[in-house]
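Engineer: sequence and predicted model, in that order:
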Amino acid sequence: MSGTRMVKAVHGLRESAPDPQFQQELAGDMRDRLTREQLAEIYTRFAGGSSYVDVLMRRTCLRALAKTFGHGVTIGRNVGVAHPETFEIGDRVFIGEQTVIQGRFDGRCTIGTGVWIGPQSYFDARDLVIGEYVGWGPGAKVLGSEHTGLPADIPITQTDLEIAPVCVEPWADVGVNAVILPGVTVGRGSIVGAGAVVTRDVPAFAKVAGVPAQVIGWREGQDISTDPSKLRNREGRGS
């Protein structure tokens, strides 16, 4: 297309450098002196700003609250978190503005090194693993739980909640406004198209799109139309 141009990646090529020692010590001191509720209140106080102090305090509070927290993490403005004590965040993670990460007190949320999360994303992170160097498009969502709807004579929101693990394997890329449903594994290096609704496992290095998402190709250029048996074998659960 006329006018297109190629430039180098930025986030994915960032070099790793340890955070300043005073930041790590400050987080440790705050963890020792303050309750989770107090740390959460301080985080909220600095959530919406863009100054050096705002950025520092968001990162420091989350480091103090999280199970593990890497170096070079960027927390955008107005990122909402619930139960950050269950979070394991790797190095050089970028979390865009107005993202919501909804953990659970007995759950797990792992975000691997080098992950980039676009603004206004939503994570039902009750049992969620995102592998290293995953790209997550703005507005994309993952749902890790749903109400059973049984019995039918009470409101659905009063029925039991079924939590199913979601895993996005390393190097995968999830498009803008895509939705990943409970129990799904998105395979290594795969591409989920913009607006796709993923209801079943995505094979490694596959390209999927649509509602519900279907395999439309393979990143290595394999022509799936010539060998239907390979498509069946690689589509994973539900094929």
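Structural biologist: Thanks, I have it.

Engineer: low pLDDT regions in this structure?
Structural biologist: Residue ranges of the chain with pLDDT under 70: 1, 221-239.

Engineer: give the residue farthest from the middle of it.
Structural biologist: D153 (35.2 Å; CA atoms, centre = their mean).

Engineer: next one: that one from E146, what distance?
Structural biologist: 19 Å (CB to CB, to the nearest Å). From N, CA and C alone the C-beta is placed, and that goes for glycine too.

Engineer: T185 now?
Structural biologist: Using CB to CB, T185 is found at 17 Å from E146.

Engineer: and these two? which has more neighbours close in?
Structural biologist: Legend: neighbour count by other CB atoms under 10 Å for T185 and E146, higher for T185 (22 against 16).

Engineer: ok, that one touching R200?
Structural biologist: No: using CB atoms under 8 Å as the test, T185 is too far from R200 to be in contact (9.2 Å).

Engineer: once you drop chain neighbours, what's closest to A40?
Structural biologist: Spatially, and ignoring its direct neighbours in sequence, A40 is nearest to L65 (7.2 Å; CB to CB, 6 or more residues apart in numbering).

Engineer: pretty sure the one you found sits against T86.
Structural biologist: No: if you go by CB under 8 Å, L65 and T86 don't touch, sitting 9.8 Å apart.

Engineer: what is the burial count for D106?
Structural biologist: 10.

Engineer: ok, the nearest residue to it once chain neighbours are set aside - contacts?
Structural biologist: The shortest distance from D106 to any non-neighbouring residue, by CB to CB, 6+ apart, is to T86 (7.9 Å). Taking CB atoms under 8 Å, 6 or more residues apart in numbering, we find T86 in contact with 67, 103-109, 125.

Engineer: ok, 6 Å please
Structural biologist: 103, 107-109 (CB atoms under 6 Å, 6 or more residues apart in numbering).

Engineer: list the ones among those that fall in helices.
Structural biologist: Among those, none falls in helices (DSSP state H).

Engineer: list just the nearest of the residues you listed to M6.
Structural biologist: C109 (34.8 Å; CB to CB).

Engineer: check contacts around the closest residue to that closest one other than its chain neighbours.
Structural biologist: The shortest distance from C109 to any non-neighbouring residue, by CB to CB, 6+ apart, is to A125 (3.7 Å). When contacts are counted by CB under 6 Å, 6+ apart, A125 is found next to 101-103, 109.

Engineer: got the phi/psi numbers for A125?
Structural biologist: phi -100, psi 40 (degrees, to the nearest 10).

Engineer: can you offset everything so residue one is 268?
Structural biologist: Sure thing, new numbering starts at 268, so read that last one as A392.

Engineer: what about the helices in this structure?
Structural biologist: Going by DSSP H, the chain shows helices at 288-300, 303-312, 319-332, 495-501.

Engineer: would you turn these into CSV with distance to G339 and mean neighbour count?
Structural biologist: Shown next, in CSV, are those (distance: least, CB to CB, whole Å; neighbours: other CB atoms under 10 Å):
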stretch, distance to G339, mean neighbour count
helix 288-300, 11, 14
helix 303-312, 19, 15
helix 319-332, 10, 20
helix 495-501, 35, 12
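
Engineer: possible to save those as TSV with distance to G347?
Structural biologist: Formatted as TSV, those follow (distance: least, CB to CB, whole Å):
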stretch	distance to G347
helix 288-300	20
helix 303-312	9
helix 319-332	12
helix 495-501	37
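
Engineer: backbone dihedrals for the residue farthest from the centre of the chain, both of them.
Structural biologist: Torsion angles, degrees, to the nearest 10, at D420: phi -100, psi 10.

Engineer: look up how far T426 lies from it.
Structural biologist: D420 is 10 Å from T426, by CB to CB.

Engineer: ditto for L410
Structural biologist: In terms of CB to CB, L410 sits 16 Å off from T426.
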